[in-house]
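Participant: coords please:
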Amino acid sequence: MSITQFKQTATLLLDESNPVAVPLGEPVAIASTHSVERSDGVETGVWECTPGRWRRQIVQQEFCHFIAGRATFTPDGGEPVVIEAGDAILLPANSMGVWDIQETLRKSYVLIF
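Facilitator: Take a look at the predicted model:
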């Protein structure tokens, strides 16, 4: 087993930047990621997204700890969840809904396949 450490997650340079897959209007949010994929069914990393609205496409269970920013996630058929820096959430598998990012959001995350 090797240990993966993400140093200074608030300022870590992220590897990839792309527009979100399913934007809902303007501005189109840009997501950036630095991740480590593992063969044991877990992926972890740091993710950041600029302001905008879009549909969540990830079907895996996900734990997130928010480092910076402010957003609302509204699950399909559910109540909005307001998220701010310092918050942590667990999204069950197949948690579809709409992200509305008001201030660039950065999180560390764990996806469980």
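
Participant: surely Thr33 meets Cys49?
Facilitator: No: the pair Thr33 and Cys49 fails to qualify as a contact (Cβ atoms under 8 Å) at a distance of 9.4 Å. From N, CA and C alone the C-beta is placed, and that goes for glycine too.

Participant: the two: who's more crowded?
Facilitator: Each of Thr33 and Cys49 has its neighbours counted (other Cβ atoms under 10 Å); Cys49 has more, 21 against 16.

Participant: strands of the chain, start to end?
Facilitator: Assigned by DSSP state E, the strands in the chain fall at 16-19, 30-37, 42-49, 52-55, 61-75, 81-84, 88-91, 97-112.

Participant: in TSV, list those strands along with distance to Lys7 and mean pLDDT.
Facilitator: What follows is those, written out as TSV (distance: least, Cβ to Cβ, whole Å; pLDDT from 0 to 100):
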stretch	distance to Lys7	mean pLDDT
strand 16-19	19	93
strand 30-37	11	92
strand 42-49	10	95
strand 52-55	28	98
strand 61-75	13	98
strand 81-84	23	98
strand 88-91	20	98
strand 97-112	12	97
